[in-house]
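Visitor: I would like to see how this sequence folds:
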Amino acid sequence: MTATAPCLADFPLRAHEKLRYADTDRQGHVNNAVFATMLETGRVELLLASGELLCEPGCAFVIASLQVDFRGEITWPGRVEIGTRVAVVGRSSVTLEQALFQHERCVATARSVIVQVSEATRRSEPLGAAAARRLGELGPAR
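Guide: Have a look, this model is predicted:
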């Protein structure tokens, strides 16, 4: 992602999380580990909750890489908006770009690589044509 903070409108997929008091740390802001959990919500909504099966039969998606850049604090109470888009569709993987927003301010950006693997062999398996096409449609907003 670029050095400038993205806007929520830059992401075709959106989800949200309600913050819990339990998400906070000693400093009174949301713990950095919770950022990863919120990013997971955005990934899961893309890969599993869309109503479309993106995995090939006998396969599952696993996360291979996650890079998070913290841009600001998140404070309780409130809500966090999660933006997700596809950056790259590979042979057996998809690279996602995500951002977290509180009060319309970008508080984190992330890039992750998700790989489709065979549940039997635990090795990467090529994405199906329909899944690759659907994922390709979820790139940056134009």
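
Visitor: Any idea how many residues pack against Glu40?
Guide: By the criterion of other Cβ atoms under 10 Å, Glu40 has 16 neighbours. (Glycine included, C-beta is placed from N, CA and C.)

Visitor: If I look at it, what pLDDT would I see?
Guide: For Glu40, the model assigns a pLDDT of 96.

Visitor: Ok, Val107 next?
Guide: 97.

Visitor: surely it meets Thr75?
Guide: No. Val107 lies out of contact with Thr75 (Cβ atoms under 8 Å); the separation is 9.6 Å.

Visitor: which one of these two has more residues nearby?
Guide: A count of neighbours by other Cβ under 10 Å puts Val107 above the other of Val107 and Thr75, at 22 against 14.

Visitor: pLDDT-wise, which helix or strand of this structure ranks last?
Guide: Least confident helix or strand of the chain, by mean pLDDT, DSSP states H and E, is helix 129-136 with a mean of 92.

Visitor: now for that one, which elements pack on it?
Guide: Counting by 3 or more Cβ pairs under 8 Å, 6 or more residues apart in numbering; DSSP states H and E, the packing neighbours recorded for helix 129-136 are strand 79-89.

Visitor: Give me the helices and strands touching the very next helix or strand once past the strand it packs on, please.
Guide: Using DSSP states H and E, the helix or strand that follows strand 79-89 in sequence is strand 93-102. Counting contacts by 3+ Cβ pairs under 8 Å, 6+ apart, strand 93-102 is packed against helix 32-47, strand 79-89, strand 105-118.

Visitor: quick one: average pLDDT of strand 93-102?
Guide: 98.

Visitor: try stretch 78-86
Guide: Mean pLDDT, stretch 78-86: 97.

Visitor: before we move on, what about stretch 44-58?
Guide: In the prediction, stretch 44-58 has an average pLDDT of 84.

Visitor: That one: which residues count as buried?
Guide: Glu45, Leu46, Leu47, Leu54, Cys55, Glu56 (16 or more other Cβ atoms under 10 Å).
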